[in-house]
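1. Fold the following.
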Amino acid sequence: MDDVTIVNRAPLCFYAVLLLLVLVLFLPATKGVNRWIDLRYFSIQPSELMKFSLPLYLTYLNKNHAVKTSFWRCMLCILIILIAFSLIIIQPDLGTAVFILFEGLFFLLVARANKRVLI
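-> A predicted model of the protein is given here:
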């Protein structure tokens with residue numbers, strides 16, 4: 001599987017992880033937190049999967065904008081980053097939430113985002 005195929009499948013991966021993050025909120029809490037999905041033989045933490053799916057999805061959104069990312073595309077990326085951040089901070093998982101926030105902002109810097117949007 002080449003890189004283009006992986007990037008083209010990024011929306012499916014991102015939306016699946018986003019759905020898992022929403023699902024975690026409705027599952028019973030374990031020791032006061034809603035971070036884990038218990039699958040009987042093992043457990044998964046969707047916020048950890050978001051660390052990989054968010055940059056892939058942002059890459060998918062910006063793959064045709066090699067020169068400079070436009071204002072509205074930056075705003076869309078920031079909205080997506082804030083949605084992921086909000087769903088993770090509700091769990092509560094502050095460390096992963098801050099990591100997701102800085103990972104997304106670093107991506108925008110590397111993607112040559114409009115500096116006025118980031119400030």
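2. in this structure, which spans are strands?
-> 37-38, 43-44 (DSSP state E).
3. Next, the contact list for P46, please.
-> Each residue near P46 by C-beta atoms under 8 Å, 6 or more residues apart in numbering is listed here: 17, 20-21, 23-24, 37. No exception for glycine: its C-beta is placed from N, CA and C like everyone else's.
4. Please give me every residue in contact with the closest residue to N8 other than its chain neighbours.
-> In this structure, N8 finds its nearest non-sequential neighbour in Y60, 7.1 Å apart by C-beta to C-beta, 6 or more residues apart in numbering. Y60 makes contacts with 7-8, 10-11, as judged by C-beta under 8 Å, 6+ apart.
5. Out of those, who's the most crowded?
-> Neighbour counts for the contacts of Y60, by other C-beta atoms under 10 Å, peak at A10, which reaches 20 neighbours.
6. dump the residue contacts of it.
-> Applying C-beta under 8 Å, 6+ apart, the residues near A10 are 53, 56-57, 59-60.
7. Mind doing that once more with 6 Å?
-> When the contact criterion is C-beta atoms under 6 Å, 6 or more residues apart in numbering, the partners of A10 are 56-57, 60.
8. on that earlier part again, for A16, see how far away the residue nearest to N8 is.
-> Applying C-beta to C-beta, to the nearest Å, the value for Y60 to A16 is 14 Å.
9. what is the closest residue to W36 other than its chain neighbours paired to in the beta sheet?
-> Ranked by C-beta to C-beta, 6+ apart and with sequence neighbours excluded, the top spatial neighbour of W36 is S43, at 4.5 Å. With DSSP bridges as the criterion, S43 is bridged to D38.
10. okay but S43 is in contact with L27, surely?
-> No: in this structure S43 lies outside contact range of L27 using C-beta atoms under 6 Å: 10.8 Å.
11. quick one on the thing from earlier: report the lowest-confidence entry in the contacts of Y60.
-> Note: of the contacts of Y60, the lowest pLDDT belongs to V7, at 72.
12. longest single helix anywhere in this structure?
-> Longest helix in the chain, counting residues (DSSP state H): helix 71-89.
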